[in-house]
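Asker: predicted model, plus sequence, below.
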Amino acid sequence: MFYILRENNVKKTEFIELDSNEICVGFLTVEELNQSFDSLGIKKKTFLDCMYDQTHLRTSIDTYDDFSFGIINIVYVMDVHKPKDRVAFIIKKNLFLLVKLVDEDNSCKDMIENAVGRLTQKQTLGKVVSGVFESLLLNGNKPLEITERKILNMEQQLVNGRISEHLNRDIFNLRKDLSILKNYYEQLFNIGEELQENQNNLFEEDDLRYFRIFTVKSERLSNNTQLLSENLIHLREALDASLNYSLNKTMQFFTVVTTIFLPLTLIVGWYGMNFTNMPELTWKYGYVTVIIVCMIVVGICLYLFKRKKYF
Amino acid sequence: MFYILRENNVKKTEFIELDSNEICVGFLTVEELNQSFDSLGIKKKTFLDCMYDQTHLRTSIDTYDDFSFGIINIVYVMDVHKPKDRVAFIIKKNLFLLVKLVDEDNSCKDMIENAVGRLTQKQTLGKVVSGVFESLLLNGNKPLEITERKILNMEQQLVNGRISEHLNRDIFNLRKDLSILKNYYEQLFNIGEELQENQNNLFEEDDLRYFRIFTVKSERLSNNTQLLSENLIHLREALDASLNYSLNKTMQFFTVVTTIFLPLTLIVGWYGMNFTNMPELTWKYGYVTVIIVCMIVVGICLYLFKRKKYF
Amino acid sequence: MFYILRENNVKKTEFIELDSNEICVGFLTVEELNQSFDSLGIKKKTFLDCMYDQTHLRTSIDTYDDFSFGIINIVYVMDVHKPKDRVAFIIKKNLFLLVKLVDEDNSCKDMIENAVGRLTQKQTLGKVVSGVFESLLLNGNKPLEITERKILNMEQQLVNGRISEHLNRDIFNLRKDLSILKNYYEQLFNIGEELQENQNNLFEEDDLRYFRIFTVKSERLSNNTQLLSENLIHLREALDASLNYSLNKTMQFFTVVTTIFLPLTLIVGWYGMNFTNMPELTWKYGYVTVIIVCMIVVGICLYLFKRKKYF
Amino acid sequence: MFYILRENNVKKTEFIELDSNEICVGFLTVEELNQSFDSLGIKKKTFLDCMYDQTHLRTSIDTYDDFSFGIINIVYVMDVHKPKDRVAFIIKKNLFLLVKLVDEDNSCKDMIENAVGRLTQKQTLGKVVSGVFESLLLNGNKPLEITERKILNMEQQLVNGRISEHLNRDIFNLRKDLSILKNYYEQLFNIGEELQENQNNLFEEDDLRYFRIFTVKSERLSNNTQLLSENLIHLREALDASLNYSLNKTMQFFTVVTTIFLPLTLIVGWYGMNFTNMPELTWKYGYVTVIIVCMIVVGICLYLFKRKKYF
Amino acid sequence: MFYILRENNVKKTEFIELDSNEICVGFLTVEELNQSFDSLGIKKKTFLDCMYDQTHLRTSIDTYDDFSFGIINIVYVMDVHKPKDRVAFIIKKNLFLLVKLVDEDNSCKDMIENAVGRLTQKQTLGKVVSGVFESLLLNGNKPLEITERKILNMEQQLVNGRISEHLNRDIFNLRKDLSILKNYYEQLFNIGEELQENQNNLFEEDDLRYFRIFTVKSERLSNNTQLLSENLIHLREALDASLNYSLNKTMQFFTVVTTIFLPLTLIVGWYGMNFTNMPELTWKYGYVTVIIVCMIVVGICLYLFKRKKYF
Ligand SMILES: [Mg+2]
Ligand SMILES: [Mg+2]
Ligand SMILES: [Mg+2]
Ligand SMILES: [Mg+2]
Ligand SMILES: [Mg+2]
Ligand SMILES: [Mg+2]
Ligand SMILES: [Mg+2]
Ligand SMILES: [Mg+2]
Ligand SMILES: [Mg+2]
Ligand SMILES: [Mg+2]
Ligand SMILES: [Mg+2]
Ligand SMILES: [Mg+2]
Ligand SMILES: [Mg+2]
Ligand SMILES: [Mg+2]
Ligand SMILES: [Mg+2]
Ligand SMILES: [Mg+2]
Ligand SMILES: [Mg+2]
Ligand SMILES: [Mg+2]
Ligand SMILES: [Mg+2]
Ligand SMILES: [Mg+2]
Ligand SMILES: [Mg+2]
Ligand SMILES: [Mg+2]
Ligand SMILES: [Mg+2]
Ligand SMILES: [Mg+2]
Ligand SMILES: [Mg+2]
Ligand SMILES: [Mg+2]
Ligand SMILES: [Mg+2]
Ligand SMILES: [Mg+2]
Ligand SMILES: [Mg+2]
Ligand SMILES: [Mg+2]
Ligand SMILES: [Mg+2]
C-alpha cells in the first residue's frame, strides 16, 4: 500500500509512479517489493539485503549516496517479550518505503497507518520520516511507570521482611526487561542521530530538528529506563544484605539453642552411666544437685549470649 | 496571574497584552491557559501538549523555532517523597509563561512569586528565566548535609558493631533518595544546557552566562549527591563484610562448642550401654578414668582450636 | 598469489609488477614476501616487523607516510577457542598485501579468495580493502544468537530451581567467550576508524564511507556482545541470590529440626539417669507425663517457628 | 592584611588603594571585608555571597564579567578529618583577595603568607593566583604514600590469614578518606580549568599555562588517589573471598566431626535401651562387636570425607 | 655520558658544548647535572626540581616555554615488584637529557645505550626522544601473555573443583600487578600525548607521528592489560559462586545426616528411660518394633530429602 501525501489529503493507492513533487510513503510486503523495486528505482542489491540478514539482533541504518537503508526490530514496549516485528525502511528522495519482514499479527500496518494519518498538509520527507519514527516512542513512559510501581511494591515486601525466592526472580526478570527496553531506545537514538547527520542530504536542513526531538526523546526514555535499572540494583543489594542478615540471625539462634542443650545433655548422659561405684548416684542430694547445676549452666549460657548480643 | 516587569516595579495583572518592550512572566492554571493561549500567541497544539503526556517521569525541554516548551517535575529536595509538582513552561520573545499542571499545596505559586520578587530593574528574558530556574536549586546543599550526617551516624553504628536489619534498610532508602535527587539535578542540568545553546535565539548572547551558572550549580549538586551515594556503597560493602565476619565467628564458636561436647557425649553414652560383660563398669578405677579421659579430650580440643585461632 | 583487479575480470598470477592503473591484492606467505618485498617496494624494516612481534595479543595498525601496516588476529566467531590465525596486511598505493603469519588449516586463503571473488568491476583500493575487512564480520550475529539461546536456557534452569555448579561454570565460560568476541570487534572497530581517518591519503575521499559502514557494523556487533554480557551479569547475580536463599532455607529447616529434638533428647536423657531417689521414675503417671510434656514441647516449638515464618 | 607586590619586595599594609600598576594580594576576615569592600570596588552583593551559602559542601567558582568569585573548602591532606577551612576568593584586575570564612587554627594565614613569600619579582596576577592555588597541592603525594604503605600492610595481614573485623573497618575508613581526597582534587581541577578558560580575561594569555600546570597536577593527584582506591576494592574482594573460604572450611570440618559422632552416639544409645529381651546385651561377644562396628563406622566416614576432599 | 648524534656515527663524550646543528643525548647522574646544568643552559630551578619531589608516585611531564621537564618511574614489566627506577628528562632544542635519580642496578644506562645504539643517520630530536620512550614498551606483551597463561591455569583449577585459599590470593596478586602495569602504560600514554601536542614547538611537525605511534602502542598495551584484568574479575566471581555452591552442598549434606540421626537418637534415648511402668520395654515384640520404627524413620527422611533434591 502506498500513501501519496497531497497538499490537502492522503491518497491511498496500490501502485505509484515516483514524482518529484509529491512525497510518497509505502508499506509493502517482501513479495510486493520483489515485484516493484525496479520501478521504484531501488537496486536489486538493496532488495536482497532485506532478505539476507534476517537475524533479530540487527537494528541498523546504513547511509548510502542517494538513499538510506535500515532495519528496525520493533519492541512492543508494553510487553517486551511479545515477538518483535521486523521492518526494513528505505529512504529516498520523495519516498519513504517500509517493508514488512516479520509481523505475525500485522500490528505494523496499524502503527504506520496511524502515523501517516496524523500527518496533515505541507509535508516534507523529514516530517514524514520523523513522524513515523516518533510513533515508536508513543506511550514509552507507561511501561516505565508500571515497572516503577512494581519496584515500589517489591521494596515494600523487602521492608516488611517478606523475603522470598520470588523476589529474586522478579528482580531478575524486571532487569532483563529494562535491559531490552534500554537497548531498544539506544538503537532508536542511534538511528535518530544518523538521520540527523543527513550525510546524503535527503532531508532539508530545516527538518533536521524533528530528528533532534526524536533523538532527545529516545535518550530521555533510555535514561529513565536506566534509572529504574539502578533502583533494581539497589533493591538486589538490599535483598542480598537481608538474606545475609537473616542467615546470621538463624545461625545465632541455632548456636544459642545448641550451646544451652549440649552441656545439659552431657550431664544427664553422665549420670546415665552404669559404673558400679558412682557415689553421686546414691548420694541423698545427688538428684537435687544435678537439677541445680543444670539451672546454673542455663543461666550462665543465657548471660553470656546476652552479653554477646546474640538475642 | 501575570507579572509585567517594568523598569522600576513589577506590575501584577490578570490579563496582559504582549508588548515588545516589556517582559512578562505569567503563572497560569491549565484552565486559564485554555482561555488565553490564543491571545498570547500560543498555538493550540502547544496547549494540548501541556495536557497530553501527564506522566510524572517526563522532565523535558523541546526547542521550536520561535519558542521553547518544557515540563519540570519539581522535586522538593528537603523531602523527595513529597508529591512532585508538575509545571510546564513556555518561553517566547518577551514572555515566560509557567503553567501549573499538578500542585496540590500550591507551593509553586509561592516559589515563583519569590523568584519574581527577587528580580529588580533592567530585566532581560534571560535573567528572568534563569532567576526562576535558579530558585529550584536554592537550599540544594541542605538535604545533602543532612544525609551526610545520617551516613556518619550509620558508620558509627557499624564501627560499634551494632549491625541491624535497620541499617540495611536505611542504606537502601538513602540511596534511593539520593538517586532521585541526582536524577533531578541531572535533568535540570540538561534543561540548563539546552537553554544555554539558545538555538532559537530567544535570549541575548550576554545573558547566556546566567544559564551557564545555573548549569554549573546543577552539576555541582549532582556531583555532591554522587559523592554521598558512593559513601553509601562503601558503607554497604563494609556492612556486607561485617555480616560475613559475624557469621564466620558464630560458626567457629559453634564448631568449638559442638566438637568439645560430641566426644564427651559419646563417652558417657558408651558407659550407659547395658552389656552384661563390660569390665570397665565394675573396675575399681573405671569412673575416675572416665573423668580423666573426658578432661584430656577437652584439653586436646581446646589446644587444637587455639592453634587454629578459632577463639 | 596475487589477484590483479582488471575492469572485467580478476587475473590470478604468481608474480606481479606494480602498475599505477591496476589494483592488486596479494596473499603471500612470509617466505614469499621475503623473496619479493623488494620488487613490491616494501622496505626491509617493514618485512622484519612481520616477523618480529609474533605475540598473539597484538592486533594493530600503524600508519606511515606512504603505507599502512597492521596485524590482525582473526577470531573465528563461531568457535572463539579455535586457534587464532594471524595475518599481516600492508596497504600501499594500488596494493593490498596480506601476509599469512600463522594459519594451520589455511582458512585465511579461502576467506580472502571469497572476499576477492565478491569484488566486481570498477574497483578502488578503498572498496577492496573494506571488502576484505567486512568479510571478517560475516555471520557475526550467529554466535550471538546461539549464546542468547544458551542464556535463555540457563535462565529457565534457574527459574526452575535447578541450581548446579554447572550453571556457574557455564556463566563463566560464556562471559569469557563474549569478552573475547567483544575485544575482537573493538579492535576491528579501531582499525576501521584508523583507516577511515586516511592520514596518508591512500584512499579516495569517496571511499571512506565504506570504512564507515565497516566501523558501524563492528560497533553494532560489539554492542550486541556487550548486551549479552550484561544479561550474564544479571544471571550471575540471580544465581548468587538463589544460592544465598537456598542456604537460608536449608539452615532454617535445620534449625527447626534441631530445636525440636534437642529438648526431647534432654528429657529422655534426664529419665535415663541412674539416681536412686528420682521420685518421677516410680510415680504412677510418670511415663504418661513425660509423653505429654514431650508433645507440649513439640507444639510450642512448631508454634514459635510458625510465627517466625521458618517454614 | 594586604601584600603589595612591588618589583623588588613585598610590602605589607593594612589598607590599600588599588593602583593599576601594582598587584595586590589581600587576606581579610569577613569583618574586614565588610568595612572595605566598597573601597576595593567590590559590590555589596558579592560580599553578601561570602556570608550566604556557608555550607561546607560548596567548593565553587563563578565567573562574572569583571571578576571571579569562588569558595574553597581546604582539605588538610595529611589529615582529611581535620575541620576544613573555608576561604572565599575574589579575583579582579590587579587584586587577588582571600577572605577567611572559617578557620579555627588560623592555618590559612600561614599558608597564604608562605605562598606570597615564595613570589619574587616581575609578578603577574596569573602567577600570583596560580602560586597560591598550587600551595594547596604541596605535599599531595605524601598522604598517598602513607596510605599505600597501610594498604601493603593490610595485604600482608590478609596473606598471612589474619582476618579480623579490624581489617574490614580499616578498608572502609581508608576508602572514605581517599574518596574525600579524590573529590578535593577534582574540585581543584575544576577551579583550575575554569581559571584556565579565562572567560573574563583577567589573566594574560601567557600566564594561562601556570593554571594548566596546576590543572595537570590536580588531575595527577586525583588519578593516584583513584589507583589506591581501586587497590582497596581488590583488597575488599579478596577479604570477602577469604571470609567465604574460611566459612566453607569451618563448616566442612564441623560436618566431618558431627557425621563421625552421630552414628556412634546412636549405637551407644541403642544398647542403652532397657528392653528386657535384647539378645545382643547378653551375647558373649556383644560388647566386642559394638567396639568393632564403631571402628568400622569411623573408618568409612573418614574414607568418604577423604574422597570428598573435606580435609 | 653524552652521545652526539653525527650523520654517520654516534660520538660518546663526557662533556659537550651545545651546537645548533647536532643533536645530543645525555645520561647524567644528579651530581653530574649539578656541575654542568649551567653550561647546558638549564636553569637552577629546573635542576632543583629533579631533587625536590622524590616520591615514587610522580610520573609527570611539565611543558615550559623552551623546554619540557618530566620524571618517569620505570616499571620493569617482567617483574612489576622490582624497585622502580626514577629518571628525569629534560628536552630542549637539540638536547635530550636524562638524569638518573634512583637506579640501584644501573639498568637505565643499558636501556638508554641500547635505544641510542638503535638510532642511525639523519636523526631529529623527535626521532631520538620517541626512540628512547618506545624502548620502554619493548616486550610489553610478554608479561601479559605469561599472565594470560596463569589465568588459564587458574580457570582449569576452578573447573576441576580444586578451590583453595591459594586461588583467592593468586587472583588478588595478579590483579594488583595488572593494576600497576595498566597505570604505568596510562602514564606513558599521557606523556606521549603531551609530547604529541608539541606546545613549545620543540619537535618538527613531521616527527609528531612517532609520538602518535608511541601513544597508540601504550594504549594498546593498556587495553590488553585491562582485558586480562576483566578476566580476573570474572574468575573471582566464578570462585565466589563456587564457594557459595560448595557451602550450600556441605550444609545440605549436613542437614540430611543430622535429620536422619536426630529422631533415631530420640527413640533409643526414649527406651533408655528408667520409668518402672513402661509396658513397651517388657512387651514381647518391643525390641523388634523399635527396629522397624527406626527403619521407617530413615526411609521417610531419605524419601523427603530425595524429593527436596538435597542429594
Ligand atoms: Mg544493567
Ligand atoms: Mg542495557
Ligand atoms: Mg545497552
Ligand atoms: Mg550504545
Ligand atoms: Mg540518569
Ligand atoms: Mg550500584
Ligand atoms: Mg550487585
Ligand atoms: Mg545510584
Ligand atoms: Mg541518576
Ligand atoms: Mg542523564
Ligand atoms: Mg564526582
Ligand atoms: Mg564500589
Ligand atoms: Mg556489595
Ligand atoms: Mg565483561
Ligand atoms: Mg578492551
Ligand atoms: Mg573487552
Ligand atoms: Mg548497547
Ligand atoms: Mg557481579
Ligand atoms: Mg553476593
Ligand atoms: Mg569520588
Ligand atoms: Mg570510590
Ligand atoms: Mg568526585
Ligand atoms: Mg567531577
Ligand atoms: Mg588516567
Ligand atoms: Mg589511573
Ligand atoms: Mg566491589
Ligand atoms: Mg575492579
Ligand atoms: Mg564480592
Ligand atoms: Mg584496575
Ligand atoms: Mg589505572
Ligand atoms: Mg578498547
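Answerer: Good, I have the coordinates. Residues are numbered from 1 along each chain as shown, chains lettered A, B, ... in the order given. Ligands and ions are numbered 1, 2, ... in the order given.

Asker: so where's the stretch 201-311 of chain A uncertain?
Answerer: Counting by pLDDT under 70, the ranges of the stretch 201-311 of chain A that qualify are A:311.

Asker: can you give me the helices for it?
Answerer: With DSSP state H, counting those that start in this stretch as the criterion, the stretch 201-311 of chain A has helices at A:208-270, A:279-282, A:286-307.

Asker: what's the neighbour count on the closest residue to A:Gln226 other than its chain neighbours?
Answerer: Closest residue in space to A:Gln226, ignoring its immediate chain neighbours: A:Lys182 at 6.1 Å, by Cβ to Cβ, 6 or more residues apart in numbering or on different chains. C-betas here are computed from N, CA, C, even on glycine. Counted with other Cβ atoms under 10 Å in any protein chain shown, the neighbours of A:Lys182 add up to 20.

Asker: ok, now the one 5 residues further on?
Answerer: Under the neighbour criterion other Cβ under 10 Å, A:Gln187 is assigned a count of 22.

Asker: in contact with it, which residues?
Answerer: Applying Cβ atoms under 8 Å, 6 or more residues apart in numbering or on different chains, we find A:Gln187 in contact with A:Thr59, A:Ile72.

Asker: for it, what are phi and psi?
Answerer: phi -70, psi -40 (degrees, to the nearest 10).

Asker: mind telling me what element A:Gln199 is part of?
Answerer: Assigned by DSSP states H and E, A:Gln199 falls within no helix or strand.

Asker: I figured it hits A:Thr63, correct?
Answerer: Yes - using Cβ atoms under 8 Å, A:Gln199 is in contact with A:Thr63, at 5.1 Å.

Asker: still on that earlier bit, just the helices of the stretch 201-311 of chain A: most buried one?
Answerer: helix A:208-270 (a mean of 21; mean count of other Cβ atoms under 10 Å in any protein chain shown).

Asker: what helices or strands is that one leaning on?
Answerer: The contact analysis (3 or more Cβ pairs under 8 Å, 6 or more residues apart in numbering or on different chains; DSSP states H and E) places helix A:208-270 against helix A:125-134, helix A:141-159, helix A:165-197, helix A:286-307, strand B:60-63, helix B:165-197, helix B:208-270, helix C:208-270.

Asker: would CSV of the ones you listed with distance to E:Asn231 be doable?
Answerer: Below are those laid out as CSV (distance: least, Cβ to Cβ, whole Å):
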stretch, distance to E:Asn231
helix A:125-134, 40
helix A:141-159, 33
helix A:165-197, 23
helix A:286-307, 45
strand B:60-63, 42
helix B:165-197, 30
helix B:208-270, 23
helix C:208-270, 13
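
Asker: pLDDT at the nearest residue to A:Phe211 once chain neighbours are set aside, what is it?
Answerer: Of all residues not flanking A:Phe211 in the chain, A:Gln196 sits nearest, at 4.1 Å (Cβ to Cβ, 6+ apart). At A:Gln196, the pLDDT value in this model is 89.

Asker: tally of neighbours for A:Gln196?
Answerer: So A:Gln196, with other Cβ under 10 Å, has 19 neighbours.

Asker: buried stuff in the helix or strand encompassing A:Asn34?
Answerer: Assigned by DSSP H and E, A:Asn34 belongs to helix A:30-36. Across helix A:30-36, burial judged by 16 or more other Cβ atoms under 10 Å in any protein chain shown covers A:Glu32, A:Leu33, A:Ser36.

Asker: and A:Gln199 and A:Thr63? Which one has more around it.
Answerer: For A:Gln199 versus A:Thr63, the count of surrounding residues by other Cβ under 10 Å is larger for A:Thr63: 20 against 13.

Asker: who's in contact with whichever residue of chain A sits closest to ligand 14?
Answerer: Residue nearest to ligand 14 within chain A (Cβ to the ion): A:Ser179, separated by 14.7 Å. Residues near A:Ser179 by Cβ under 8 Å, 6+ apart: A:Ser229, C:Leu227, C:Glu230, C:Asn231, C:His234.
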